[in-house]
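Trainee: Take a look and give me a structure for this.
(chains A, B and C)
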Amino acid sequence: MSANCDELEVSVWRGDRLSGHFEVFHVPAQDSQTILDVVSWIQQNLDATLSYRYACRVGMCGSCAMMVNGVPRWTCRTHVKKVMNGNKLEVAPLRNLPVIKDLATDMDPFFDKWIAAEGLHHPTKTRDEPIETINPDSTMRAEANAGIECINCSVCYSACDTVAGNVDYLGPAALQRAWTLFNDAKDSGQNAILEAVSGAGGCHNCHSQGSCTVFCPNELNPMKAIAELKKATTKSFFKKRV
Amino acid sequence: MLGVRLYMLQRLTALIMAPLTLGHIAVMIYAVQGGLSTAEILSRTQGSIWWLLFYGSFVVAVSLHAAIGLRVIVHETLGLKRPALNILTLVVSLLLLFMGARAVLAVTLT
Amino acid sequence: MIRKHRAHPLWFAYALHRLSGLALALFLPAHFYILSKALTQPESLDNFLTLTESPMVKLAEFGLVFLLAVHFLGGFRLMAMEWLPWSDRQKTFAAVAVAGAFLVSGLFFLRVV
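Mentor: Okay, here's the model as predicted:
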């Protein structure tokens, strides 16, 4: 096969937890082609053993994130034309997570940290009580809404160098979820959340590099959420002592 | 490897150092013109309780601030973990405190 | 090594803050050691201070003042970001911190040359 403008030269990471290498595939270029289209085409036409993960294909489920030309992206909504380097592409598994095989990473550490950050529902009422009325204009609701569209894709987690250097660090996604729930009138976990984000791997480890916010595909701002957690924990730190 | 207490110590020492750093930079800019000499430095600082307090508090704050900063860097780049990390933080802060106190006393005592 | 996910202004601001902090922390023991000779061995401190006449040392001093100023102003930005109401202008503030550090260290440099 000769390389021309109608053909992409795609380097795809092949390997497992222990070792791996890039394998080059030639893929026909098409209009409106996404990175996920390219990966799927390779798996369907060139090598059926290529492992990768996806589900919804429309940017809602957060399963298809990969490293594309060195940066983390949601592959189903990333157009080849926007990220192509000449006619070359490099697709690798997400950074900062163990590789299972090829492009599929083990997301367990990522989700374990959501739980560790108290990123889970703490109910305020039982099923027998009437549903609480939420005022959409309240300041706290605005804060909660700002982070509610997180799809758990782990792009921010992969972009973060603090996660890379500090295995205990909860990471931007988990901390943003903690801040979202902290502001949720239907959540009663405020104290548990502040406690959870104040430990050795908590929000205070963030160095505000801002890669989370730069790369978030939904244009959320985890860096701000973490700064707000630092503010809230600082307030509670002094409140406890007076 | 920063819990809320070390974080707070890091930020509070930074706040203490903010005016001190401004003062230090101002003194540097003022003092360097025409070159430096031991006699010139000592004539400014020797026997002054104010310079003792100024640089004394600076040394205390910077010993803690730098030790916590180095702790984070060593953990993130070299992977050192607790308890060795705690020992390193303590040793660095005590070393800086000792050396800094010696320097401050040397220029303020008569 | 500037990998692609790092090539944005706030990451550079972080790198500058970390490197300046590290350099200042490593410089401190030397700074303290030299000054501690003021009382006991003033002649050796004076010998050292004559070194400051050399252009290379003046340039190094300019570098040190820049590091101190940029760490101070960068740290100020971080604390404002963490403790004051949020602002979306972090990139601007980071640039202002670097510019301010050049201003301060430039002023120092003009005084020593």
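Trainee: can you pull out the helices in chain C?
Mentor: C:9-35, C:37-40, C:42-50, C:55-83, C:90-112 (DSSP state H).
Trainee: how about the residues of chain A that lie near chain B?
Mentor: A:162, A:165-166, A:168, A:198-200, A:202, A:204-205, A:230, A:233-234, A:237 (CB under 8 Å from any CB of the partner chain). Backbone N, C-alpha and C define where each C-beta goes, glycine included.
Trainee: picking up where we left off before, any idea which of the helices of chain C scores lowest on pLDDT?
Mentor: When these are compared on mean pLDDT, helix C:37-40 scores lowest, with a mean of 77.
Trainee: Can you give the distance of that helix from its chain's centre?
Mentor: 26 Å (CA atoms, centre = their mean, to the nearest Å).
Trainee: Pull out the buried positions in the longest helix along chain A.
Mentor: The longest helix of chain A (DSSP H) is helix A:222-240. For helix A:222-240, burial by neighbour count (16 or more other CB atoms under 10 Å in any protein chain shown) applies to A:222-234, A:236.
Trainee: okay, now the domains of chain A?
Mentor: Domain ranges of chain A: A:7-105, A:108-240, per automatic domain parsing.
Trainee: Identify, out of these, the most deeply packed stretch.
Mentor: domain A:108-240 (a mean of 19; mean count of other CB atoms under 10 Å in any protein chain shown).
Trainee: Regarding A:Pro93, what are the backbone dihedral angles?
Mentor: Main-chain dihedrals, A:Pro93, degrees, to the nearest 10: phi -70, psi 160.
Trainee: After the lowest-mean-pLDDT helix or strand in chain B, heading C-terminal, what element do we hit next?
Mentor: Averaged element by element with mean pLDDT, DSSP states H and E, chain B has its least confident helix or strand at helix B:38-45 (a mean of 82). Per DSSP states H and E, the first helix or strand lying C-terminal to helix B:38-45 is helix B:49-73.
Trainee: Against the centre of chain B, work out the most remote residue.
Mentor: In chain B, counting by CA atoms, centre = their mean, B:Gly34 sits farthest out from the average C-alpha position, at 26.6 Å.
Trainee: what's the spacing between stretch C:106-113 and its chain's center?
Mentor: Distance, centroid of stretch C:106-113 to centroid of chain: 15 Å (CA atoms, centre = their mean).
Trainee: buried residues in that stretch?
Mentor: Buried, per 16+ other CB under 10 Å, within stretch C:106-113: C:108-109, C:112.
Trainee: now those in JSON lines, with distance to A:Glu132?
Mentor: As requested, the buried residues of stretch C:106-113 are exported to JSON lines (distance: CB to CB, whole Å):
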{"residue": "C:Phe108", "distance to A:Glu132": "60"}
{"residue": "C:Phe109", "distance to A:Glu132": "62"}
{"residue": "C:Val112", "distance to A:Glu132": "66"}
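Trainee: Can you tell me which of these comes closest to chain A?
Mentor: C:Phe108 (27.9 Å; CB to the nearest CB).
Trainee: Nearest spatial neighbour of that closest one, chain-adjacent residues omitted?
Mentor: C:Val65 (4.5 Å; CB to CB, 6 or more residues apart in numbering or on different chains).
Trainee: Contacts only, for the one you found.
Mentor: B:25, B:28, C:104-105, C:108-109 (CB atoms under 8 Å, 6 or more residues apart in numbering or on different chains).
Trainee: pretty sure A:Ser198 belongs to a strand, no?
Mentor: No: counting by DSSP: H, G, I helix; E, B strand; the rest coil, A:Ser198 falls outside a strand, being coil.
Trainee: Surely it touches A:His204?
Mentor: Yes: contact criterion CB atoms under 8 Å: A:Ser198 and A:His204 qualify, at 7.1 Å.
Trainee: Need the overlap of contacts for the two.
Mentor: With CB under 8 Å, 6+ apart, A:Ser198 and A:His204 have common neighbours A:233, B:3-4.
Trainee: coming back round to it: with mean pLDDT and distance to C:Gly74 as new columns, can the domains of chain A be given to me in JSON lines?
Mentor: Output for those, formatted as JSON lines (pLDDT from 0 to 100; distance: least, CB to CB, whole Å):
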{"stretch": "domain A:7-105", "mean pLDDT": "96", "distance to C:Gly74": "25"}
{"stretch": "domain A:108-240", "mean pLDDT": "95", "distance to C:Gly74": "10"}
